[in-house]
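In: the following block contains a protein sequence and its predicted model.
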Amino acid sequence: MEVLSYELSIILWLPILASPITYVVGKNSRSAARWLAIIVSLLDLILALHLTLAFDMSKTAELQFVEYYNWIPTAGISYIIGVDGFSLIMVLLSTILSLAAVIASNHIHDSEHLYYALFLLLETSLIGVFVSFDLFLFYVFWELVLVPMYFLIAIWGGPRRKYAAIKFFIYTHVGSVIMLVSFFYIYWVFGANTGTFTFNLLQLIGRTPLNGTTYSVSQFIQLSLQIYLFIALFIGFGIKVPIVPFHTWLPDAHVEAPGPISVILAGVLLKMGGYGILRIAIPMFPEAASYLSWYIAIIGVINMFYAGFVAMWQLDLKRLIAYSSISHMGIVVIGSFTGTTIGIAGAIYMMFAHGLINGLLFLIAEMYKYHVHSRLIPDIAGLTKQMPIASAFLVIGGFAGLGLPGLAAFVAEFLAILGAFNRWGLSIAYVVFGTVINAAYILWAIQRVVFGPQKEKSDVKDLCKPELISYTFLTILIVLLGVYPPLLMKFIALPSEVVAGYFTS
């Protein structure tokens with residue numbers, strides 16, 4: 001299947017180009033802004049699916065649909081975008097969740113034109129992170145994400161929205177600045193030793209030659225300094241994951257953000273951290289990554305256990321799901337540093353699966369706020385007879401979150417933990433108990449909300465059409481990836497092997 005040579009750029013820039021149009025049109029018609037945002041997000045997903053069908057499956061570890069423009073040659077800055085199997089599925093995840101979130105934004109009634117304009121700006125920013133292969137361009141999109149997300153939380157969030165938005169911005173921006181220090185040093189060292197100053201990621205990590213010779217910036221830096229630079233990158237990316245103890249911005253942001261924005265926050269924005277670790281940090285400093293792998297795996301284990309125990313005592317359903325996100329991303333961290341193809345594939349699979357599952361759960365939690373006027377478990381418990389469809393989706397989403405076989409997260413957890421056993425043996429065996437804690441808090445929440453003593457509340461209704469469409473869309477994908485893992489594995493197997501190779505090179 002043929003694609004336009006600039007189709008990836010269309011996918012990237014279409015939402016941001018539609019953003020001001022949505023703002024202007026939406027001033028005169030509330031419904032026009034909403035429908036325009038839905039159409040643009042749907043079109044972006046269709047184009048991403050078209051790109052997927054045209055993707056050469058025999059070369060999933062190679063960059064395809066590459067677009068190159070020598071943007072600022074005097075500074076070694078280029079417009080380089082493309083996708084391999086890993087990047088492609090992250091673009092798909094971004095467009096899938098963007099469509100689901102914009103459909104589920106039917107409860108937004110204030111300044112819709114601004115809301116949907118910012119939402120489309122956010123979609124472009126997220127896609128840009130996953131397709132950029134120039135560090136400068138990558139950083140532009142990485143920082144651009146903060147702007148619409150800040151306003152989407154601060155304007156349409158809950159009672160403490162301004163506090164949560166500022167905390168989110170400060171934490172993530174400080175991490176970005178720390179990461180930028182490494183970027184500048186990498187740029188300077190590579191240029192000083194090769195005579196060519198460039199931000200081209202593929203040249204910096206030795207994936208493509210420079211003037212006929214293949215270099216890697218790590219060959220010019222001693223291991224002791226590599227470790228410090230790697231830690232700076234890991235902190236920058238890790239705050240987005242988020243890793244303990246830099247996680248405290250996440251529960252506040254999730255609880256205060258509107259439901260659809262929580263979907264993007266958990267489903268895509270957190271994945272930027274995992275993506276950056278696998279795409280940039282490990283390939284850039286493979287020796288440091290290998291040296292620190294055990295210690296970082298322990299951080300991942302702490303994420304699982306700490307967040308799991310904290311989630312168990314939450315009464316706010318949305319806050320419980322927020323801590324479950326931290327716990328699940330611990331599995332991503334562990335799998336990423338196993339140095340094994342299967343473990344890294346599990347980490348990537350978890351990124352995709354977690355995006356779908358927690359996206360569904362956050363939509364459900366926010367639905368209770370609008371239908372029952374509360375997210376507190378004691379308030380929403382016992383309404384199964386009045387909300388049978390909503391309760392069914394909560395059970396499915398909860399079972400998916402705890403890693404039930406036949407649903408997407410089970411495959412991811414199994415692969416990541418298997419990779420950890422292959423790397424560290426019984427010394428990492430206690431990681432399996434993290435899944436037990438995960439099951440405990442989710443089952444307890446479901447038992448209280450769905451299967452506890454029944455009661456009736458006036459004016460409580462079941463799902464409306466937009467909610468039903470969004471939930472069904474995500475549920476089908478969760479089941480499909482749980483039943484037929486090769487659907488995703490064929491895209492990530494070879495890219496995972498490439499990343500694993502950095503641990504042995």
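Out: Structure's in. What do you need?
In: what sits against residue 125?
Out: Residue 125 makes contact with 16, 141, 144, 145, 147, 148, according to Cβ atoms under 8 Å, 6 or more residues apart in numbering. Every C-beta, even on glycine, is put in place using the N, C-alpha and C of the backbone.
In: quick one, what contacts the fourth one?
Out: With contacts defined as Cβ under 8 Å, 6+ apart, the neighbours of residue 145 are 122, 125, 126, 129, 269, 272.
In: for the fifth one, same thing?
Out: Applying Cβ under 8 Å, 6+ apart, one finds that residue 147 lies in contact with 121, 125.
In: what does the last one give?
Out: For residue 148, the contacting residues are 118, 119, 121, 122, 125, taking Cβ under 8 Å, 6+ apart as the criterion.
In: name the element it belongs to?
Out: helix 146-156 (DSSP states H and E).
In: could I get the average pLDDT for that helix?
Out: For helix 146-156, mean pLDDT is 95.
In: name the helices or strands packed onto the host helix or strand of residue 304?
Out: Per DSSP H and E: residue 304 is located in helix 286-312. On a contact count with 3 or more Cβ pairs under 8 Å, 6 or more residues apart in numbering; DSSP states H and E, helix 286-312 meets helix 223-240, helix 317-336, helix 408-424, helix 432-449, helix 486-502.
In: where are the low-confidence patches of the chain?
Out: The model of the chain has pLDDT under 70 over residues 1-5, 504-505.
In: longest strand in it, please.
Out: strand 64-72 (DSSP state E).
In: and the contacts of that strand?
Out: 3, 5-9, 51, 55-56, 77-84, 134, 137.
In: only the buried subset of those, as a ChimeraX command please.
Out: Here is the ChimeraX selection string for the buried members of the contacts of strand 64-72, based on 16 or more other Cβ atoms under 10 Å:
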select :3,7,8,9,51,55,77,78,79,80,81,82,83,84,134,137
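In: quick one: the contacts of residue 145 as JSON lines, columns for secondary structure and distance to residue 181 too.
Out: JSON lines is the format used below for those (DSSP: H, G, I helix; E, B strand; the rest coil; distance: Cβ to Cβ, whole Å):
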{"residue": "122", "secondary structure": "helix", "distance to residue 181": "26"}
{"residue": "125", "secondary structure": "helix", "distance to residue 181": "22"}
{"residue": "126", "secondary structure": "helix", "distance to residue 181": "24"}
{"residue": "129", "secondary structure": "helix", "distance to residue 181": "19"}
{"residue": "269", "secondary structure": "helix", "distance to residue 181": "22"}
{"residue": "272", "secondary structure": "helix", "distance to residue 181": "18"}
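In: that older thread, so which of the contacts of strand 64-72 sit within helices?
Out: Using DSSP state H, the subset of those located in helices is 7, 8, 9, 51, 137.
In: and which of those is nearest residue 253?
Out: Nearest to residue 253 among the ones in helices among the contacts of strand 64-72: residue 137, at 25.8 Å, using Cβ to Cβ.
In: report the beta-bridge partners for the closest residue to the closest one other than its chain neighbours.
Out: In space, and not counting its chain neighbours, residue 137 is closest to residue 79: 6.3 Å by Cβ to Cβ, 6 or more residues apart in numbering. Going by DSSP bridges, residue 79 is paired in beta bridges with residue 69.
In: now the helix holding residue 304 and helix 432-449, what's the angle there?
Out: Angle, helix 286-312 to helix 432-449, by axes from the mean of the first three to the mean of the last three Cα atoms, to 10 degrees: 30 degrees.
In: just the buried positions in helix 286-312, please.
Out: Buried residues in helix 286-312 (16+ other Cβ under 10 Å): 286-290, 292-293, 296-297, 299-308, 310-312.
In: now that we have the contacts of residue 148, which of them are buried?
Out: In the contacts of residue 148, the ones that pass as buried (16+ other Cβ under 10 Å) are 118, 119, 121, 122, 125.
In: closest one to residue 160 out of those residues, please.
Out: Looking across the buried ones among the contacts of residue 148 and measuring by Cβ to Cβ, the closest to residue 160 is residue 118, at 19.9 Å.
In: next, give phi and psi for that closest one.
Out: With angles defined as degrees, to the nearest 10, residue 118 sits at phi -70, psi -40.
In: ok, now which ones touch it?
Out: 19, 148, 151, 152.
In: now render those residues as TSV, adding distance to residue 500.
Out: Rendered in TSV, the data for these read as follows (distance: Cβ to Cβ, whole Å):
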residue	distance to residue 500
19	39
148	35
151	40
152	37
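In: now the buried members of these.
Out: Buried, going by 16+ other Cβ under 10 Å: 19, 148, 151, 152, out of the contacts of residue 118.
In: residues near the nearest residue to the last one once chain neighbours are set aside, how many?
Out: The shortest distance from residue 152 to any residue other than its chain neighbours is 4.8 Å, reached at residue 261 (Cβ to Cβ, 6+ apart). Neighbour count for residue 261, taken as other Cβ atoms under 10 Å: 28.
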